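Q: Structural data only, the sequence is not supplied:
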């Protein structure tokens, strides 16, 4: 009976695949939730929507999931703020500047220092005659000169807000950072690849390290004259419906099943306050639209059924079944679960829970 | 001896068939002296006659010819020597001499004793008669028509008639050389007339496909009144003459029996030369390296936004209502405009009346009939017939998918977070009638389509979190179309087509949405007039007025060649709420010239106006065709060139999404090719094409792009006969674009170098038919990804994209599809059929793309649809 059901399901699945033009063979990769390398999970700005002139502090959540750690992981920040690249294209911040002032690149992009030297408005031309990243020689270890740590602050330029076609006026500041278990150096541009990263993570000899050893991050902060946004507020975390003490973390039984799929899962849910579901003024004519909020899960032990779950839909509101299944590992061990709550207006909240596998 | 010779010189005449005329004795001849000998002239014992010389047939000698021989006979009566008295040429002399060698005479005698003699002998050569043979079949199915009357009328008003036999064949013999008019008539079919000149001793063959009288008044696109065989077409079927160099038409049997299409006619056209393979089962129309939006789709001359339901699963007009599907891959008539790629024009049948006086059902006796068809995906029905005795005929049809019925439990069983499925339906209703011996026809046709999908996706992709939440997609349109076709005189025809309707496109994803409603009003008027022998003019108007309102909130669209700025929704969306209208009138004129038999030249010009940018597009075009041989096997050269423009879409001139002032894209088409009949069933056609683009609209930059597409298409076709049909189509092509003058030329997204399709279907007998389709196509292009950035705001990696884009090609695609049909016939015209269509019969894992892990450090090929059997049933009554 089961075999017949399987045949029926297989035929119907094949039909389904044909209906949607689905491709086969796409699976088999480790989930994004599984942390086995140097990772960044998200950034939490203290002001997701800042006003011109305000100081913004970015906090990044990162982890080092490598089994072997020949060099320690450090978070470095590029101390240049890229302002209003054309069409918000972050990679225009990398293009070498041909402008005489050394600070203006294609489409009026400005590269400015995190804080103006005199405590006032940033210089009109940008970071100065040095020309930003393009003026630094390739191959030099920049690590000693870069701000280091999980946080970085900068002042939103006073004149950052610009009129935009097809939407309200706003400004965009982009800050780059890198989680690197090595040294940070400038990379030589190759060919005409617009997205090529101008920085790299290397060993002491200047040899680029593998993607397991570094992550380059892009962090955007939007500036509006009249709009604000707050970060989502995590009210509680539940394990199989029971509230979890954030400090004590989660304790689960190890998996004893012969097959991974038969491991008994637990259900973890992150509860966000209703007030976090803010109105979205840019929703236009579709009245009543609000933010979309979701949570992404990460762990260095065990497996999550889904990489992320929707918490609030922009129109349907709170999602009733937002929990995620977690299957513990086979061996007793200590680990960490990270959960990052995002809204679709650059807001974020972090949850870090110790994981105890008995 | 001398006396005998002199006596023997009396005239004697010989004719083919052997007669000798005895010389008469002169009345006033003096009495012979008593001792004078008695001389008896020779008489013919055997004369097999002379054969009409082949050279004379070749030289087309049409008058009787006489050849006089001087024969020397010995005492036995044998011909010792023969000479031509006055040479006639064209092989007559040789034929007469050859015949003389076989002559046998009773020798001349003197006083009873045989003697030698010398005589004159004349052969008269009359030109042999010609004959006409042929076959009469139906145009759609190629089925023989029995009892059709063939009338052959000579210049002297003499007439011969013949009737076609059960297999449709007919024959008229004994026709003197000369000019004739041949008319073929059969009840219920439109008569056809041909003029032909017969040479002596030749056999001319005329195969005729008669069209049903309802369809005799042609629908708007094809021009009327042009003799078959003089057309600018690569017809896969000899059909109505198009004005284009390249027109491809599939017959009904081919349309409904091509494996891998579930019997859907419109999906069948994706197998024709020049049509690239769309990725997966997507219903994209990629014609000669053009973008899908460059190709226009029409229903009897009225533009429609889509012709396929979701994913190309089935077409929006049921196959049973289709009269024809004309596919113009390029160099199309000035009748069509606002497209730089190709054109697909779907002709819908007038309602069919099929009376069965012996049927039990009253409706069937009255001529109403219908069918029901169902398979795994959808079910459809068609009913048509006369509307009482009003003279009006009707047809109604509808289709609905029921994937949602069985897919929901399946998805639940599979544990999917998506537990809904798309729903689509379409509908058609038609009223039609003729007047004045079908010189005038009026038709009202309502048709439409609706596709919807609405789902709440709770699962969030870590690599693209924005693609979640409420997801909705809907496309819908309807048209109310009115058409009049009338013969105002023997030389003038008027065709009017008007349509009003609505197009709706709805898309929402989370808090992003796109809502577009438009209300197209389109009108066409064409006056076709025969100006003189071999000259016909077609003048027409083609107007489109399309009010619209649009509301949208979407992230900015990356420019071509530019990598995305991050995951979906990582940038502030653009919003737009706008009302407006498109107004695009056009005038065109086209002259069909037939200066000589076998020569056809069609110059034309089209003038399009686009109100959005207040620009005029002047488009001269010309196509020509030359038959190198007049009879079988036909050899034809053809070619064409012209200018084609495609006005900008509304968003392309909008300040938020495009560039105000953007002009039309220009494409210059060039084509040259030939056609060759190999046998009566097999024909080969080949055409080289070159399409050059100027002012290609690049997202957010305006008319800064350029490009070209070129290649060669070849089609070898076995025309449907009682058992078999099939064709092999091969296209070798290249399509490139340059996104701005200072950027490198790159392969266009839809470039496919090799496209080979082989199709065959064979009737096994007993109602069984088996068919197969094999395709071998270059893989689609893709842009490889590399390890890139992490977008901390969204929580997803942004891959690095190689530049220029689409620089890597997937492995070659190859696939075999098999189809098996079985038909049962019952009493009173009831017919039931079932089919098994096996898609990807040997389960080839064709690569449709590449899947990457979350940070693009690992990848694997994503393969297409595995083996997929599909079973369908159909009932006709």
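A: Yes, it's here. Keep in mind that what you see is a predicted model, and the values were worked out from it rather than measured. Residues are numbered from 1 along each chain as shown, chains lettered A, B, ... in the order given.

Q: Let me see the domain layout of chain B.
A: Here the domain parsing of chain B from automatic domain parsing is B:2-125, B:130-211, B:362-876.

Q: First-to-last residue distance for the longest one?
A: This stretch, domain B:362-876, spans 16 Å end to end (Cα to Cα, to the nearest Å).

Q: mind checking how far the residue of the stretch 301-450 of chain B found nearest chain A is from residue B:745?
A: Of all residues in the stretch 301-450 of chain B, residue B:410 sits closest to chain A, at 4.7 Å by Cβ to the nearest Cβ. C-beta coordinates here come from the backbone N, C-alpha and C atoms, glycine included. Distance, residue B:410 to residue B:745, by Cβ to Cβ, to the nearest Å: 46 Å.

Q: of those two, who's got more company?
A: Using other Cβ atoms under 10 Å in any protein chain shown as the criterion, residue B:410 and residue B:745 rank with residue B:410 on top: 19 against 13.

Q: Sticking with that one, tell me its helix or strand.
A: If you go by DSSP states H and E, residue B:410 is part of helix B:403-414.

Q: got a list of what the residue of chain B found nearest chain A touches?
A: Among the residues of chain B, residue B:656 lies closest to chain A, at 2.7 Å counting by Cβ to the nearest Cβ. Contacts for residue B:656 were tallied using Cβ atoms under 8 Å, 6 or more residues apart in numbering or on different chains; they are A:165-167, B:574-576.

Q: Quick check: which element contains residue B:600?
A: Using DSSP H and E, residue B:600 sits within strand B:599-610.

Q: Chain A: helices as residue ranges?
A: Taking DSSP state H, the helices of chain A run over residues A:2-20.

Q: Around chain A, pick out the residues from the stretch 701-850 of chain B.
A: Within the stretch 701-850 of chain B, the positions lying close to chain A (Cβ under 8 Å from any Cβ of the partner chain) are B:744, B:787-795, B:797-798, B:800-804, B:839, B:845, B:848-849.

Q: do stretch A:265-279 and chain B meet?
A: No. Against chain B, stretch A:265-279 shows no contacts by Cβ under 8 Å from any Cβ, the least distance being 10.8 Å.

Q: Now the terminal residues of that stretch, how far apart.
A: Its first and final residues considered, stretch A:265-279 spans 35 Å by Cα to Cα.

Q: Contacts only, for the residue lying closest to residue B:630 once chain neighbours are set aside.
A: Nearest residue to residue B:630, sequence neighbours excluded (Cβ to Cβ, 6 or more residues apart in numbering or on different chains): residue B:598, at 6.0 Å. Taking Cβ under 8 Å, 6+ apart as the criterion, residue B:598 is in contact with B:230, B:626-628, B:630.

Q: Let's see that with 10 Å instead.
A: Contacts here follow Cβ atoms under 10 Å, 6 or more residues apart in numbering or on different chains; on that basis residue B:598 touches B:229-230, B:625-630, B:634, B:636.

Q: before we move on, what about residue A:335?
A: Listed by Cβ under 10 Å, 6+ apart, the contact partners of residue A:335 are A:35, A:65, A:249-250, A:299-302, A:328-329, A:353-357.

Q: ok, now residue B:351?
A: Counting by Cβ under 10 Å, 6+ apart, residue B:351 has contacts B:214, B:321, B:367-368, B:382-387, B:392-396, B:430-433, B:443.

Q: Among the residues you listed, which ones are in strands?
A: Among those, the ones falling in strands (DSSP state E) are B:382-386, B:393-396, B:430-433, B:443.

Q: List the strands paired with the very next helix or strand once past the strand holding residue B:600, with their directions.
A: Using DSSP H and E, the helix or strand that follows strand B:599-610 in sequence is strand B:615-627. Counting by DSSP bridges, the strands paired with strand B:615-627 are strand B:599-610 (antiparallel), strand B:635-646 (antiparallel).
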